[in-house]
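Trainee: starting from these lines, generate the structure:
(chains A and B)
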Amino acid sequence: MSETSTLVFGLILLLGAVGVAAGLTWFERRLLGIWQDRYGPNRLGPLGALQVLADMLKLLTKDDWVPPFADRVVFVFAPTAIVIAMLLGFAVVPFSPDMHLLDMNIGLLFFLGMTSLAVYSVLLGGLASNNKYALLGGLRSAAQMISYEVFMGLSLMGVVMLAGSFSLQDIVRAQEGMWFCVHQFLGLYVFLIAGIAESHRLPFDLPEAEHELTAGFHTEYGGMKFAMFMLGEYLGLILISCMMTALFFGGWLGPDFLPPLAWFLLKTGIIILFFILLRAAIPRPRYDQLMSLGWKVMLPLTLVNLAATGAVALWMEG
Amino acid sequence: MILSLFYVAAAIAVLSTVIALSRTNAAHALIYLIMSLLSVAVIFFIMGAPFAAALEVVIYAGAIMVLFVFVIMMLNLGEAGQAREREWLKPSSWLLPGLFALVLLAELLILQGSMDGTTSGVTVEPKAVGLTLFGPYVLAVELASMLLLAGLVGAYHVGRSFLARDRGGPR
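Mentor: Model prediction:
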């Protein structure tokens, strides 16, 4: 791509990601309403779709308050970190054979790095709030995210082994014969669970579990700063879905009657739907259950997967 | 272009490290340290080591520093901690470390004069890093892994009495 078209594509990508994230807030509430046999937001506009606009106006006009006991600079900085890190993560997503901002041989590691930097938002938000509930939420998220980052990275190594590259375009091309979700189903399973835990969405939203921590790390946040946390969370959800599509479900590969981009977006959309369904279907585990699930089930599973994949890859090579 | 990018990243790295050293608030110091690590990652990338750059972000900035912040949150020192830091950071305690750092700087400058280009200008692919690690340096990798295992076992041993108390009664 030329210099200007890359710039334009980047801009569209940024605006598109933020726009989809905003739209998801309405979409998710609406779907949850259907699944739980109630209405959800249905007053403003067709099917209540303008609810997004109303929410945005409400959040924008709220008093931008910083509690006097908080660490002011860090308090303001914290919500921006997650949004910036997640948006940067979109740079390596391969939307179609030639639609990507970056195609480096470390693309996958770049994504992992960005998700691990997003942790700081929650951590520093909890620390700077100077509130015990926020601190507890921040502590929980630190432990949860560090643990699940380990399995997240390890679960992807099987894919890297089979594709022989960290570049996401190469990984998608390596799936031409068979999607990796078939022979890397253990990796997919671990990545799915670690992905939910990393984006701390329900059922793994223990950093903000409202029945025990009021609102966890963002207890003291309001207005646009709170909206930034929410935006980051939804961006994380979209990013994880995009990565799952690219890594396990063949990315933009698909029969010819639809363009590659359409295939990619379709698959990503279905995975996002699945994430929302999980939220409606599964209750939140206890914190120690989450941690022991991670270290006692997820870690052995990924190691078994890694060893088996390595053995098979070596055997195939002969 | 590349050279100016390097100088910008290097300046940010040096500045943020100095600021990180001189902060009394531990959380602020850590944020500057994270910034310094990120700029070092950029420097690695510019010098043609993208894999090292990615690992710098994933492991140092993304995992080790998170643990540091975690510890600071656990201790939650607040004002008392800041006062103690201020006590430690008085000018007289800067003297000796500053002197040593100056000696190192002088050494670096002398060495730099006698050497030309330290990088070959080739991009080191992840595969090359892996082949080197598990080829000529496999012994070092194994030793490091044993060290980590020892750390893990040690941490389990230290934490065991705590876990046993949780289940009721010491062991």
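Trainee: contacting residues for whichever residue of the stretch 51-200 of chain A sits closest to chain B?
Mentor: Nearest to chain B in the stretch 51-200 of chain A, going by Cβ to the nearest Cβ, is residue A:116, at a distance of 2.8 Å. For the C-beta atoms, the positions are set from N, CA and C on the backbone; glycine is no exception. Residues near residue A:116 by Cβ atoms under 8 Å, 6 or more residues apart in numbering or on different chains: A:145, A:149, B:57, B:58, B:61, B:62, B:63, B:66.
Trainee: give me the element it is part of.
Mentor: Applying DSSP states H and E as the criterion places residue A:116 in helix A:107-128.
Trainee: same thing with residue A:70?
Mentor: Residue A:70 belongs to no helix or strand, assigned by DSSP H and E.
Trainee: so what's residue 164 scoring on pLDDT?
Mentor: As the question left the chain open, I've gone with chain A. Residue A:164 is assigned 83 on the pLDDT scale.
Trainee: that was the other one, I meant chain B.
Mentor: On the pLDDT scale, residue B:164 gets 70.
Trainee: and residue A:84, by the same measure?
Mentor: According to the model, residue A:84 scores 90 on pLDDT.
Trainee: the helix or strand it falls within near chain B anywhere?
Mentor: Element membership of residue A:84, judged by DSSP H and E, is helix A:72-89. Yes: contact between helix A:72-89 and chain B, assessed by Cβ under 8 Å from any Cβ of the partner chain, occurs at A:73, A:74, A:77.
Trainee: could you find the closest non-adjacent residue to the closest residue to chain A within chain B?
Mentor: Ranking the residues of chain B by distance to chain A (Cβ to the nearest Cβ) places residue B:62 first, at 2.8 Å. Using Cβ to Cβ, 6 or more residues apart in numbering or on different chains and skipping residues adjacent in sequence, the residue nearest residue B:62 is residue A:116, 2.8 Å away.
Trainee: can you give me the helices in chain B?
Mentor: Applying DSSP state H to chain B gives helices spanning B:2-22, B:26-46, B:50-55, B:65-75, B:78-88, B:91-114, B:126-133, B:138-167.
Trainee: restrict the shortest one to CA atoms and write it as PDB.
Mentor: In this case it means helix B:50-55. Output in PDB follows, covering the C-alpha atoms of helix B:50-55 (Å, rounded to 0.1, in the frame of the first residue of the first chain):
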ATOM      1  CA  PRO B  50      12.500  -6.900  16.400                       C
ATOM      2  CA  PHE B  51      12.300 -10.100  18.500                       C
ATOM      3  CA  ALA B  52      14.200  -8.700  21.300                       C
ATOM      4  CA  ALA B  53      12.000  -5.600  21.100                       C
ATOM      5  CA  ALA B  54       8.900  -7.600  21.300                       C
ATOM      6  CA  LEU B  55      10.200  -9.600  24.300                       C
END
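Trainee: give me the neighbour count for residue 152.
Mentor: Let's take chain A. When neighbours are defined as other Cβ atoms under 10 Å in any protein chain shown, residue A:152 has 25 of them.
Trainee: that's the other chain; I wanted chain B
Mentor: Summarising burial for residue B:152: neighbours were counted as other Cβ under 10 Å, giving 10.
Trainee: where does it land on pLDDT?
Mentor: Note on residue B:152: pLDDT of 88.
Trainee: wait, isn't the residue of chain B closest to chain A in contact with residue A:117?
Mentor: Yes: Residue B:62 is within contact range of residue A:117, at 5.7 Å (criterion: Cβ atoms under 8 Å).
Trainee: comparing the two, which residue is more hemmed in?
Mentor: Taking other Cβ under 10 Å, residue B:62 and residue A:117 do not tie; residue B:62 has more neighbours (28 against 24).
Trainee: which residues touch that one?
Mentor: A:112, A:113, A:116, A:117, A:119, A:149.
Trainee: related to what we said a few turns ago, ranking the helices of chain B by mean pLDDT, which is last?
Mentor: When the helices of chain B are compared on mean pLDDT, helix B:78-88 scores lowest, with a mean of 74.
Trainee: show the pLDDT at the residue sitting nearest the centre point of chain B.
Mentor: Centroid-nearest residue in chain B: residue B:60, 5.9 Å away (criterion: Cα atoms, centre = their mean). Residue B:60 carries a pLDDT value of 88.
Trainee: contacting residues for the residue lying closest to it once chain neighbours are set aside?
Mentor: With sequence-adjacent residues excluded and distances taken as Cβ to Cβ, 6+ apart, residue B:60 is closest to residue B:37, at 4.8 Å. With contact taken as Cβ under 8 Å, 6+ apart, residue B:37 is in contact with B:56, B:57, B:60, B:61, B:65.
Trainee: number of residues surrounding the last one?
Mentor: The number of residues packed near residue B:65 is 22, by other Cβ under 10 Å.
Trainee: go on, the second one?
Mentor: Burial measure for residue B:57: 26 neighbouring residues, criterion other Cβ under 10 Å.
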